[in-house]
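Student: Sequence plus the predicted model coming up.
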Amino acid sequence: DAKTTQPTSMDCAEGRAANLPCNHSTISGNEYVYWYRQIHSQGPQYIIHGLKNNETNEMASLIITEDRKSSTLILPHATLRDTAVYYCIVNGAGSYQLTFGKGTKLSVIP
Amino acid sequence: GAVVSQHPSWVICKSGTSVKIECRSLDFQATTMFWYRQFPKQSLMLMATSNEGSKATYEQGVEKDKFLINHASLTLSTLTVTSAHPEDSSFYICSASGDFSYEQYFGPGTRLTVT
């Protein structure tokens, strides 16, 4: 699976959009981009995933660049409960395995 | 939907004893289950993958005789830490996938402290 690079930490003001970047320059054609988050001392929570098209669900939006070498997770109106470590994971189609990197620690500030 | 539970949520055991952690999929059939370990301020590390009715596949460096995994039904997997040592103290997290997608649904985790 391709390696991902994320900033170590980010701050976001409550109520503002949080934009979390992820670089995956070695992604191959059949690999998906997954986003999970982990609130302190809890199990990870699935957020969203995509292949090449932008995706949106009730939690977030995922914007994938045309060359697929990077993506951005957008939390449209961050709340204090969104404070967590966010993991961007690239995973091959048909593969269950997830390899967690260090992720981005997002702090939402009142 | 897609809820995964773990029991216990935390456990303290003495060095040399064994401890069993249960992972259950509550509202779906989990054909594949995963066990992860997370040390403080570190990321999740996959320990093993198990398919119902089959032997687990362990990641490199994980002792299969020490971390016994049983996936006897489509809703239950267990991890037994045998002859626990203080260095086994960690946060153990399971996840499960069903036939309906490749998404993994994670349990809340079990914090193990070995004294």
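Tutor: Structure received. Here the structure is a predicted model, which is why all the values come from computation and not from measurement.
Student: which bits of chain B sit near chain A?
Tutor: Counting by CB under 8 Å from any CB of the partner chain, chain B comes close to chain A at B:4, B:6, B:32, B:34, B:36, B:43-46, B:49, B:91, B:93, B:95, B:97, B:102-109, B:111. To be clear about C-beta, it is placed using only N, CA and C from the backbone, and glycine gets the same treatment.
Student: Please report how far whichever residue of chain A sits closest to chain B lies from A:V108.
Tutor: Proximity of chain A to chain B (CB to the nearest CB) peaks at A:G43, 3.5 Å away. From A:G43 across to A:V108, the span is 20 Å (CB to CB, to the nearest Å).
Student: what about those two, which has more around it?
Tutor: A count of neighbours by other CB atoms under 10 Å in any protein chain shown puts A:G43 above the other of A:G43 and A:V108, at 23 against 20.
Student: The more buried one in helix, strand or coil?
Tutor: With DSSP: H, G, I helix; E, B strand; the rest coil as the basis, the three-state label of A:G43 is coil.
Student: The closest residue to it other than its chain neighbours: neighbouring residues, count only.
Tutor: Closest residue to A:G43 apart from its sequence neighbours, by CB to CB, 6 or more residues apart in numbering or on different chains: B:F106 at 3.5 Å. Using other CB under 10 Å, B:F106 has 24 other residues around it.
Student: B:F106 pairs with what?
Tutor: Here B:F106 shows beta-bridge partners B:S95, assigned using DSSP bridges.
Student: my guess is it meets A:R37, correct?
Tutor: No - counting by CB atoms under 8 Å, A:R37 is not a contact partner of B:F106; they are 10.6 Å apart.
Student: list the residues that contact both of these two?
Tutor: Common contact partners of B:F106 and A:R37 (CB atoms under 8 Å, 6 or more residues apart in numbering or on different chains): A:P44, A:Q45.
Student: thinking again about what came up before, quick one, what contacts the residue of chain A closest to chain B?
Tutor: B:V4, B:Q6, B:I93, B:S95, B:F106, B:G107, B:P108, B:G109.
Student: residues contacting the first one?
Tutor: Contacts were defined as CB under 8 Å, 6+ apart; by that measure B:V4 touches A:G43, B:C23, B:R24, B:S25, B:L26, B:A30, B:C94, B:S95, B:A96, B:Y105, B:F106, B:G107.
Student: Mind checking which of the residues you listed are buried?
Tutor: Buried members of the contacts of B:V4, scored by 16 or more other CB atoms under 10 Å in any protein chain shown, are A:G43, B:C23, B:R24, B:S25, B:A30, B:C94, B:S95, B:A96, B:Y105, B:F106, B:G107.
Student: for chain B, what are the low-confidence residue spans?
Tutor: Within chain B, the segments meeting pLDDT under 70 span B:1, B:100-102.
Student: Spatially central residue for it, please.
Tutor: The residue lying closest to the centre of chain B (CA atoms, centre = their mean) is B:W35, at 3.6 Å.
Student: I'd assumed that one was in a strand, is it?
Tutor: Yes - under three-state DSSP, B:W35 falls within a strand.
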